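**Student:** What shape does this take:
(chains A and B)
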Protein chains: 2
Amino acid sequence: MNRFVLLFLLLSPLLSVAQQDAQAEDAFFIRKIYDEALTRSRCYDWLNFLARRIGGRLAGSPQSAAAVEYTRRVLDSLELDSVWLQPCMVPYWVRGEKEQVRIVNSRKMGTVELNALALGNSVGTGPLGITAEVVEVKNLNQVDSLGEALRGKIVFFNGPMDPTQLHTFSAYGKAAGQRVWGASRASRYGARGVIVRSLTTRLDDIPHTGSTVYEEGATPIPAFAISTLDAELLSRLLEEEPARVFMRNTSQNLGEVPSYNVIGEIRGSEHPEEIILVGGHLDSWDVGTGAHDDGAGCVHAMEILHLAKMMGYRPKRTIRCVLFMNEENGLRGARAYWKWSDDRGEYHMAAIESDRGGFTPRGFTVDGHEDVFNKKFRKAIEWLPFLEPYGLHFRKGGSGADISGLKSQKGLLFGFEPDSQRYFDYHHTPIDAADVVNKRELELGAAAIMSLVYLLDKYGL
Amino acid sequence: MNRFVLLFLLLSPLLSVAQQDAQAEDAFFIRKIYDEALTRSRCYDWLNFLARRIGGRLAGSPQSAAAVEYTRRVLDSLELDSVWLQPCMVPYWVRGEKEQVRIVNSRKMGTVELNALALGNSVGTGPLGITAEVVEVKNLNQVDSLGEALRGKIVFFNGPMDPTQLHTFSAYGKAAGQRVWGASRASRYGARGVIVRSLTTRLDDIPHTGSTVYEEGATPIPAFAISTLDAELLSRLLEEEPARVFMRNTSQNLGEVPSYNVIGEIRGSEHPEEIILVGGHLDSWDVGTGAHDDGAGCVHAMEILHLAKMMGYRPKRTIRCVLFMNEENGLRGARAYWKWSDDRGEYHMAAIESDRGGFTPRGFTVDGHEDVFNKKFRKAIEWLPFLEPYGLHFRKGGSGADISGLKSQKGLLFGFEPDSQRYFDYHHTPIDAADVVNKRELELGAAAIMSLVYLLDKYGL
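**Tutor:** Numbers count the residues shown, from 1 in each chain, chains lettered A, B, ... in the order given. Coordinates of the predicted model:
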């Protein structure tokens, strides 16, 4: 309690007795949140169910439907004011048979199988696969420079994530363009397919999938990720001799199918029209079991409602948990939610998304509409003395894909920000599984978000 | 660079041009340290050698000798001003055959094998083992209350680590007494042996060893740790019926054998008599391979010298890396070092120990002699603007066992403090191995320590 005592000594001379009492109440309530989260939370069990029992939950898949049903039942069990499913149409992409990517007939190496995954949304190569010469580029601009020289070729995007960025998401943001837009760009010049270096700073044998997007009008060509070690190997080979690669996948887009966002809420007792949203996304990639991305975020959001009920907390404002569908390859659940909410004239006073994994909390990135951001952010900053003892900070920055469309409602948008060092070890891979989520770290995340929700609810914005 | 810019805008009006230049130089040098550590450090490779090739390095063991030889050679390869081995005598304890601890003839459960490890320094049970009734206590004081009722019994210390402590080391500190002193205390009243609940907040099947200490004059009795799940099981059984346990180990103390601290230094160009020590301990428990405890600390300390050399940094003060022997079960290396240093009239202006694992850095705990602490701590706090952009903070608290005896030299003592949430998942177990150390997190630790060393060297205390 030494930090609290220090806090009061520092602040007390400036405050009235009533203000001092309120501060003490807040400090002790937040301590209580942490105690409860670290001893009686259920988020880790829920995560284990999502990851171990249900598994990878790509939108449209049977597993995604099972996840909708499971989380709805969990929310039902919490005795909330309402729980419902919100319909949306989602694309249903299937990976098909195990992918094959191999260097063929290299003078130096002979035939070398590469650790590969088709990128999400990728079209298939056809049953016979594709064999073509490989051309390495470091980024999208180099594609334009090479232009027609890429006709008939496989373009190999080998731009590494920058290891010197302290926030790994910054490095990811700078390198992800080649994965998202590489196929479309290469297709403009007649390339037959693309291979992308996996987005991680690690050197290992694990390929990382993730979505590729075909631009309107672009001829869709197959797209694969290979592991970073294989990217290094292929690049070294290309320094010595031309290389040909065989690639084969049978991925298919099966069109649109119905799915749902899962929503539960506790209605506010004084200002029910002011909504505080906590959310994550229920879908995940099909490889791995979506433990950090984004099982952790879903169980964080659910745990907020559980903690509130368990602690007998009656919010003044409405606390709504939203588990979004199809963040990974379409954002269709989020778009359905935004439209529905806007149509009803709702006001999200705040929205908090957890979609950066279940690691030890560091704080929140904060975003908002330019008309209101500075004023509201200044107000939020006043709460930092209650959060800093738990290692939590605010910094300006994007919040989360699923809540970004709520900016027009002019509330404040928060992205929960845990320690980011390990996230891209697991992101979109077969090893994003329950065993790499630490129970305490996950629980501390729920406590951090609940603490912010408490302050938002009590003081408003 | 936004944070740096902000920093300058805030501080600039108060400073002279020369001071502003110095600040810019410091900010950019520290950024350079991070760039180098995240791209060209060798600490992760060294850790892999220590953990995977050499393995568990208990003082006196062949592995500890191999670790002395390996690290000396690595330091030799760095072209330092001097590298040497400092002799010390250490106790040589051997675990012996695989331990057995089982509940026997329970009416409810029959025979149940428990996941157990002998505690370090424990005597053996003799070849036939011990079978006795179990009495559960929660702490050392309860032993005194029960007193003579413990004669002939096995005392089961089942005090859990408090999961609500945010700093897991605080919870460990409060619960570790039963492991260290439990055998001595129970022995006073004629107990035949002790079983201690493993020191972790996790509920799992992994037993955690660690040292037990026999007080002067106490009859040594065998001491074991059992996993937390087995502790819960045994405790539940004891609520229903008396339970008897069979325990057997063939551990032995083989007396004292010679060993070494491994030391390397770069001599200061202006104040060579002012020493900045960076250290970890080279020994580890025999189970597992001592990756976090304390391979990480050793390679951190070695990396400081490597970074300095690689960056062409010529320190004004002497930077000395000390890899201490026998921290785990005797502290004999540290004691030899303190005496040697005091006898030579040395002055450790600062000493930094890394012995809390290789996780993402949070800062440093700071300690020192009461005569000088406040003044020197105030000076160190002035450097925080350079460290906070990297998530580093100072807080008052113990530094590290190996450097604690240097307090009398009246420098400042720092304990490197990484995120502590996962440390006690692995501490003193078979799973403290290289695969649970993350390369980036380890490298960030080296960068954090080097940044502090740079400021200490440049500005003094």
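**Student:** can you pull the contacts of the residue in the stretch 251-400 of chain A positioned nearest to chain B?
**Tutor:** Going by CB to the nearest CB, chain B is nearest to residue A:360 of the stretch 251-400 of chain A, at 5.1 Å. Where C-beta positions appear, they are placed from N, C-alpha and C, glycine not excepted. Applying CB atoms under 8 Å, 6 or more residues apart in numbering or on different chains to residue A:360 gives the contacts A:391, A:418-419, A:441, A:444-445, B:360, B:419, B:421.
**Student:** Which of these fall within helices?
**Tutor:** A:441, A:444-445 (DSSP state H).
**Student:** Can you list the low-confidence ranges for chain A?
**Tutor:** Scanning chain A for pLDDT under 70 picks out the ranges A:1-14.
**Student:** pull the longest helix from it.
**Tutor:** Across chain A, the longest stretch assigned as helix under DSSP H is helix A:17-40.
**Student:** for the helix or strand just after that helix, packing partners?
**Tutor:** Sequence-wise, the next helix or strand downstream of helix A:17-40 (DSSP states H and E) is helix A:43-48. In terms of contacts (3 or more CB pairs under 8 Å, 6 or more residues apart in numbering or on different chains; DSSP states H and E), helix A:43-48 is packed against helix A:296-310, helix A:439-459.
**Student:** list the helices and strands the next helix or strand after the first one packs on?
**Tutor:** Yep, that's helix A:296-310 we're talking about. As assigned by DSSP H and E, the chain's next helix or strand after helix A:296-310 is strand A:317-324. Contact partners of strand A:317-324 among helices and strands, from 3+ CB pairs under 8 Å, 6+ apart: strand A:252-266, strand A:271-281, helix A:296-310, helix A:332-343, helix A:439-459.
**Student:** Please identify the deepest-packed of these.
**Tutor:** When you average the neighbours per residue for each of the helices and strands packed on strand A:317-324 (mean count of other CB atoms under 10 Å in any protein chain shown), helix A:296-310 leads with a mean of 27.
**Student:** So that helix, near chain B or not?
**Tutor:** No. Against chain B, helix A:296-310 shows no contacts by CB under 8 Å from any CB of the partner chain, the least distance being 14.1 Å.
**Student:** quick one, that helix and strand A:317-324 angle?
**Tutor:** For helix A:296-310 and strand A:317-324, the angle between their directions (axes from the mean of the first three to the mean of the last three CA atoms, to 10 degrees) works out to 150 degrees.
**Student:** Now do helix A:296-310: which elements does it pack against?
**Tutor:** helix A:17-40, helix A:43-48, helix A:62-77, strand A:252-266, strand A:271-281, strand A:317-324, helix A:439-459.
**Student:** what's the angle from the fourth one to strand A:271-281?
**Tutor:** Angular relation of strand A:252-266 and strand A:271-281 on a 0 to 180 degree scale: 140 degrees, by the same axes, to 10 degrees.
**Student:** picking that back up, can you tell me what sits against the longest helix of chain A?
**Tutor:** By CB under 8 Å, 6+ apart, the surrounding residues in contact with helix A:17-40 are A:4, A:7-8, A:11-12, A:15, A:303, A:307, A:310-311, A:386-387, A:390, A:440, A:443-444, A:446-447, A:450-451, A:454-455, A:458, B:163-164, B:166.
**Student:** Repeat the analysis, applying 6 Å as the threshold.
**Tutor:** For helix A:17-40, the surrounding residues in contact (CB atoms under 6 Å, 6 or more residues apart in numbering or on different chains) are A:4, A:12, A:307, A:311, A:386, A:443, A:446-447, A:450-451, B:163-164.
**Student:** Just the buried positions in stretch A:430-441, please.
**Tutor:** Going by neighbour count (16 or more other CB atoms under 10 Å in any protein chain shown), the buried part of stretch A:430-441 is A:430-434, A:436-441.
**Student:** and what of stretch A:181-201?
**Tutor:** A:181-187, A:189, A:191-201.
**Student:** likewise stretch A:72-89?
**Tutor:** So for stretch A:72-89, counting by 16+ other CB under 10 Å, buried means A:72, A:74-75, A:78, A:80, A:83, A:85-86, A:88-89.
**Student:** would you list those residues in TSV and tack on distance to residue A:62?
**Tutor:** Below are the buried residues of stretch A:72-89 laid out as TSV (distance: CB to CB, whole Å):
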residue	distance to residue A:62
A:72	16
A:74	19
A:75	21
A:78	25
A:80	27
A:83	22
A:85	16
A:86	20
A:88	17
A:89	17
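**Student:** Check those and tell me the two furthest apart.
**Tutor:** Of all pairs drawn from these, the greatest distance, 28.2 Å, lies between A:78 and A:89 (CB to CB).
**Student:** and the stretch 301-450 of chain A, which residues reach chain B?
**Tutor:** Residues of the stretch 301-450 of chain A lying close to chain B by CB under 6 Å from any CB of the partner chain are A:360, A:419, A:421-422, A:438, A:440-441.
**Student:** Point to the residue nearest the middle of chain A.
**Tutor:** Nearest to the geometric centre of chain A sits residue A:355, at 3.5 Å (CA atoms, centre = their mean).
**Student:** ok, that residue touching residue A:401?
**Tutor:** No. The criterion here is CB atoms under 6 Å, and residue A:355 misses it with residue A:401 at 7.1 Å.
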